[in-house]
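> need a 3D model of the following:
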Amino acid sequence: MGIFAAGSPALALMGERLEFLLWAVFVVLAAVGLGARLVRFFRLGTSRKDEGQISLLERALFGAGLGLGVFSLVTLLLGLAGVLNRLIFFFALIALFALGIKELFALVSGLKSGLRQTRLSLFSLILIAFVALFLVLLFLAAFMPPMDYDDLEYHLGAPAQFLKSGRINFLKYNVYSNFPLNAEMLYLLSMTLLGSPTSGAILGKIINIFLALCTALAVYAFGRRFFSSRAGLAGAAVFFISPWTLGLCAMRAYVEMGLAFYTILAIYSLFIYLDRGGGKERIGWLVISGIFTGIAMGYKYPAALFLALPLFGGTLFFTFRQGARKALCRAGLFLIPALLLFSPWLIKNFYWTKNPTYPLAYKVFGSNQWDAQRDARWRKAHSPGGFGLDDLKKKAEFFRQRLREGRISPALLLFIPFAFLIPKFRRESLYLLSLIVFSLLVWFYFTHRIDRFLFPMLPIAAVLSGCGFLRLDSLGRGLVAKIILLALLLFALFAAFQIYPVGGLGIRVKDDEAVARWFDDLFKQNPKWNYPAAAINYINNDLPQDARVLLVGEAATFYIRRRFLSSTVFDQKPLEEILKKGLGPEVVSRRLQDLGATHIFCNWREVNRLNATYSYVFRAKKFPGYSAYITPKVFGEMEAKGVIKAIAFFGREKNGHAAFVLYKLLNRK
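The predicted model follows:
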């Protein structure tokens with residue numbers, strides 16, 4: 001009988017994991033099939049003048065990009081229409097799967113035939129084994145319940161609110177929910193299909209792993225087309241086997257992996273167009289490059305600077321010799337589809353806030369949902385900081401430390417210089433390097449310098465690294481190059497295991513109570529955490545079903561199952577707006593009850609952190625980051641007046657005060 005006996009916890013756990021994996025395969029195959037039909041529609045590689053331009057692997061990769069992009073936009077449109085219904089989504093996916101099934105059979109048949117004819121060297125087999133091992137590691141990590149702050153606040157928190165509402169609506173108190181959300185639409189799609197925020201989050205992370213694998217395959221295909229199969233395989237392994245990949249696509253439900261996928265696809269498409277002079281028969285590739293760029297901008301605003309701007313400039317530069325007019329026309333063929341694919345997010349924001357790039361560019365567009373003071377706080381928090389030599393040294397030291405720890409694979413940098421020793425491919429290598437340098441400059445001068453903003457350029461660095469490996473190999477140092485590459489990949493694997501989450505892997509994530517118990521235990525082991533797991537479990541289990549909790553200082557709402565009012569550090573805060581009017585405790589209590597609040601939860605630990613971290617200056621006056629009005633003193637006065645009552649305390653600070661307090665509003669109407 002053993003562990004596979006009926007009713008065995010291990011068997012149940014394996015069955016749950018298999019179910020998630022099958023759902024992910026279903027979604028990805030439906031996207032690939034639909035996308036492959038679109039590839040045919042755009043006649044990519046099918047014109048007689050360009051026969052054999054596209055391989056089956058390339059057709060599958062470009063199809064995956066187009067199909068998943070369609071899924072994001074369709075989810076957005078259905079969500080805005082208030083049609084977040086599990087059955088509708090399921091049957092829509094069935095229909096899309098059926099629509100592309102002929103293409104899927106053709107792709108699978110062709111790929112199987114190609115694999116049978118492929119003869120791999122021992123070194124190639126070792127690289128593939130490394131990739132397979134890391135892939136298993138990613139899948140295991142994806143089943144850990146999400147616990148990253150940004151995930152709980154908006155990457156997953158916003159889709160969870162949309163699912164609960166049954167539609168995508170304007171979340172006034174979560175500014176991040178109004179960013180472009182193409183990645184989050186895949187998470188929302190997953191939540192809707194499975195009917196659960198937690199299960200949907202796990203499915204979304206598994207889809208992210210497929211995106212990571214597709215990105216690695218795109219690096220391989222890119223390297224194979226423009227350099228050689230050996231360069232492509234080495235580059236794919238260098239990109240894929242990285243703790244950064246583990247952290248951004250399996251441990252967290254971030255957007256960077258999808259953004260990296262569309263970045264390499266956009267550049268790849270443009271390179272195919274520019275190859276052999278960019279003739280008329282290849283204009284479809286220019287359009288597709290624009291489409292992928294537009295989808296990338298729908299993942300994250302910075303893609304407009306990191307990707308759209310240099311590709312637009314590159315199109316102008318490389319086609320200018322054909323004449324200025326033609327160059328402008330070609331650049332337009334790139335830019336127009338990019339803007340069209342990005343426009344749904346701009347239109348949505350303009351409709352709700354009168355600012356298409358909300359909350360950015362407030363000084364240009366203004367907004368009916370934003371003001372100058374919040375904009376000052378936002379710009380302070382998202383400004384690049386200093387530009388002096390000391391600032392540059394600090395960032396350089398930071399990345400040196402990340403390299404030493406293996407968080408960024410050293411192989412990405414070590415082989416790159418050798419790429420420029422290949423005379424035949426010097427132009428392509430220089431253009432790729434210029435994209436990386438441009439991204440570094442944009443990152444340093446125009447962003448708040450979070451390291452993951454550079455992650456989408458890693459596939460490009462990996463292509464160059466594969467080229468450098470090829471050149472070193474061809475210089476008669478093949479054995480040396482292979483030993484160095486394998487040693488660096490092994491180092492990256494060990495570094496990944498160091499940050500690998502050992503806890504939570506045995507949890508049945510479809511069991512909300514099991515997840516809650518795990519978070520409770522985790523909080524007890526880390527009492528200094530800002531995330532109040534025990535308090536949220538109390539809210540979910542001990543408050544009445546009709547309770548509505550006003551959250552103070554707490555914006556990580558993903559696991560909260562009662563109704564709530566919350567706000568991020570940058571948004572208006574309902575309690576602050578009331579306190580600004582100088583009203584007495586009784587009136588404040590009545591106003592809160594008018595908003596529907598029955599309880600107030602205060603995360604004082606988070607309030608203190610936000611006040612210190614996000615402090616800013618507005619009109620020559622310094623303000624705390626969270627609020628100058630919401631203080632423990634205010635709650636003490638309200639409790640003394642008998643309008644609220646503390647009913648639960650969690651955690652202790654050094655001064656002995658409770659870190660987290662839950663109050664009940666006493667009905668005195």
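> so how far is Ala141 from the residue most central in space within the chain?
Closest to where the C-alpha atoms of the chain average out (C-alpha atoms, centre = their mean) is Val255, at 1.1 Å. Computed as C-beta to C-beta, to the nearest Å, the Val255 to Ala141 distance reads 18 Å. To be clear about C-beta, it is placed using only N, CA and C from the backbone, and glycine gets the same treatment.
> next, count neighbours for Phe387.
A count of nearby residues for Phe387, using other C-beta atoms under 10 Å, gives 10.
> just Gly200 next, same as before
The criterion is other C-beta under 10 Å. On that basis, Gly200 has 25 neighbouring residues.
> and the pLDDT for Ala10?
In the predicted model, Ala10 carries a pLDDT score of 72.
> so after the host helix or strand of it, what's the next helix or strand?
Element membership of Ala10 [criterion: DSSP states H and E] is helix 9-41. Along the chain past helix 9-41, the next helix or strand (assigned with DSSP H and E) turns out to be helix 56-80.
> I would like the residues contacting the next helix-or-strand element following that next one, please.
Moving toward the C-terminus from helix 56-80, the next helix or strand (DSSP H and E) is helix 86-99. Residues from elsewhere that reach helix 86-99 (C-beta atoms under 8 Å, 6 or more residues apart in numbering): 26-27, 29-31, 33-34, 37, 67, 74, 78, 189, 192-195.
> rewinding a little: and for the closest residue to the residue nearest to the centre of the chain other than its chain neighbours, the neighbour number?
For Val255, ignoring the flanking residues on the chain, the nearest one in space by C-beta to C-beta, 6 or more residues apart in numbering is Ala183 at 3.9 Å. Other residues lying near Ala183 total 27 when counted by other C-beta under 10 Å.
> from what I see, Ala183 and Arg252 are in contact.
No: in terms of C-beta atoms under 8 Å, Ala183 does not count as a neighbour of Arg252; the distance is 11.3 Å.
> got the contact list for Leu432?
Residues touching Leu432, when contacts are defined by C-beta under 8 Å, 6+ apart, comprise 267, 460, 463-464.
> is it in a helix, a strand, or coil?
Classification of Leu432 by DSSP: H, G, I helix; E, B strand; the rest coil places it in helix.
> pull up the gap between it and Leu22, please.
Distance of Leu432 to Leu22, given as C-beta to C-beta: 38 Å.
> Leu13 now?
On the measure of C-beta to C-beta, Leu13 and Leu22 end up 15 Å apart.
> domain ranges for this protein?
Listed by automatic domain parsing, the domain ranges of the chain are 20-114+123-498, 512-665.
> generate TSV for those domains, with distance to Pro9 and mean pLDDT as supplementary columns.
Conversion of the domains of the chain to TSV gives the following (distance: least, C-beta to C-beta, whole Å; pLDDT from 0 to 100):
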stretch	distance to Pro9	mean pLDDT
domain 20-114+123-498	15	90
domain 512-665	10	92
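> adding distance to Gly506, write those domains out as JSON lines.
Putting the domains of the chain into JSON lines (distance: least, C-beta to C-beta, whole Å) gives the following:
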{"stretch": "domain 20-114+123-498", "distance to Gly506": "9"}
{"stretch": "domain 512-665", "distance to Gly506": "9"}
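> please identify the most buried of those domains.
Here the criterion is mean neighbour count by mean count of other C-beta atoms under 10 Å, and of the domains of the chain the winner is domain 20-114+123-498, at a mean of 20.
> quick one: the strands in the chain?
Defined through DSSP state E, the strands belonging to the chain, from first to last, are 548-552, 563-565, 599-603, 616-618, 621-623, 644-652, 658-665.
> out of the ones you listed, nearest to Leu213?
Checking the strands of the chain against Leu213 by C-beta to C-beta gives strand 563-565 as the closest, at 36.8 Å.
> so which elements touch that closest one?
With contacts taken as 3 or more C-beta pairs under 8 Å, 6 or more residues apart in numbering; DSSP states H and E, strand 563-565 sits against strand 548-552.
> and the angle for the strand it packs on with strand 599-603?
For strand 548-552 against strand 599-603, the angle between stretch directions is 30 degrees (axes from the mean of the first three to the mean of the last three C-alpha atoms, to 10 degrees).
> tilt between strand 548-552 and strand 658-665?
With the same axes, to 10 degrees defining the directions, strand 548-552 sits at 140 degrees from strand 658-665.
> only alpha carbons, please: show strand 548-552 as CSV.
These are the backbone C-alpha positions of strand 548-552, laid out as CSV (Å, rounded to 0.1, in the frame of the first residue of the first chain):
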residue,chain,number,x,y,z
ARG,A,548,-15.9,45.1,7.2
VAL,A,549,-12.4,45.9,8.4
LEU,A,550,-10.7,49.3,7.9
LEU,A,551,-7.0,48.5,7.5
VAL,A,552,-4.5,51.0,8.9
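> related to what we said a few turns ago, and the helix holding Ala10, how far out from the chain's middle?
19 Å (C-alpha atoms, centre = their mean, to the nearest Å).
> pull up the distance across stretch 147-165, start to finish.
Terminal residues of stretch 147-165 are spaced 23 Å apart (C-alpha to C-alpha, to the nearest Å).
> and if you look at stretch 246-257?
Terminal-residue distance, stretch 246-257 (C-alpha to C-alpha): 10 Å.
> list of residues touching it?
For stretch 246-257, contacts defined as C-beta under 8 Å, 6+ apart pick out 134, 137-139, 141-142, 144, 146, 148, 150-151, 155-156, 182-184, 187, 201, 204-205, 208-209, 211-212, 215, 245, 299-300, 407, 452, 455-456, 496, 499-501.
> from those, which land in helices?
Using DSSP state H, the members of the contacts of stretch 246-257 that fall in helices are 134, 137-139, 141-142, 150, 182-184, 187, 201, 204-205, 208-209, 211-212, 215, 245, 496.
> OK, contacts around Tyr220?
Residues near Tyr220 by C-beta under 8 Å, 6+ apart: 57, 229, 232-233, 235-236.
> next one: Phe438
306, 310 are the contacts of Phe438 under C-beta under 8 Å, 6+ apart.
> now the contacts of Leu432 as TSV including distance to Phe342?
Conversion of these to TSV gives the following (distance: C-beta to C-beta, whole Å):
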residue	distance to Phe342
Ile267	17
Ile460	21
Val463	25
Leu464	28
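> what's the pLDDT at Phe4?
Each residue has a pLDDT score; the one for Phe4 is 46.
> how about Lys645: what's its closest non-neighbour residue?
Ranked by C-beta to C-beta, 6+ apart and with sequence neighbours excluded, the top spatial neighbour of Lys645 is Lys664, at 5.1 Å.
> quick check: that neighbour touching Ala648?
No: using C-beta under 8 Å, Lys664 and Ala648 do not qualify as a contacting pair, with a distance of 9.3 Å.
> just to revisit the earlier point, so which of the contacts of Tyr220 belong to helices?
For the contacts of Tyr220, membership in helices holds for 57, 229, 232-233, 235-236, with DSSP H as the criterion.
> out of these, who's nearest Val509?
The nearest member of the ones in helices among the contacts of Tyr220 to Val509, counting by C-beta to C-beta, is Ala236 at 29.9 Å.
> residues contacting the closest one?
Applying C-beta under 8 Å, 6+ apart, the residues near Ala236 are 131, 216-217, 219-220, 223, 462, 466.
> now it: how far from Ile209?
The separation that Ala236 has from Ile209, given C-beta to C-beta, amounts to 15 Å.
> what sits against Ala648?
When the contact criterion is C-beta under 8 Å, 6+ apart, the partners of Ala648 are 535, 538, 542, 661-662.
> roughly how far apart are it and Ser228?
The gap separating Ala648 from Ser228 is 64 Å, by C-beta to C-beta.
> same deal with Met297?
In this structure, Met297 lies at 32 Å from Ser228, with C-beta to C-beta as the measure.
> same check on Phe399?
Counting by C-beta to C-beta - Phe399 and Ser228 are separated by 30 Å.
> give the contact list for the nearest residue in space to Arg282 that is not next to it in sequence.
Excluding the flanking residues, the one nearest Arg282 by C-beta to C-beta, 6+ apart is Tyr273, at 4.9 Å. If you count contacts by C-beta under 8 Å, 6+ apart, Tyr273 has them with 282-283, 285-286, 289.
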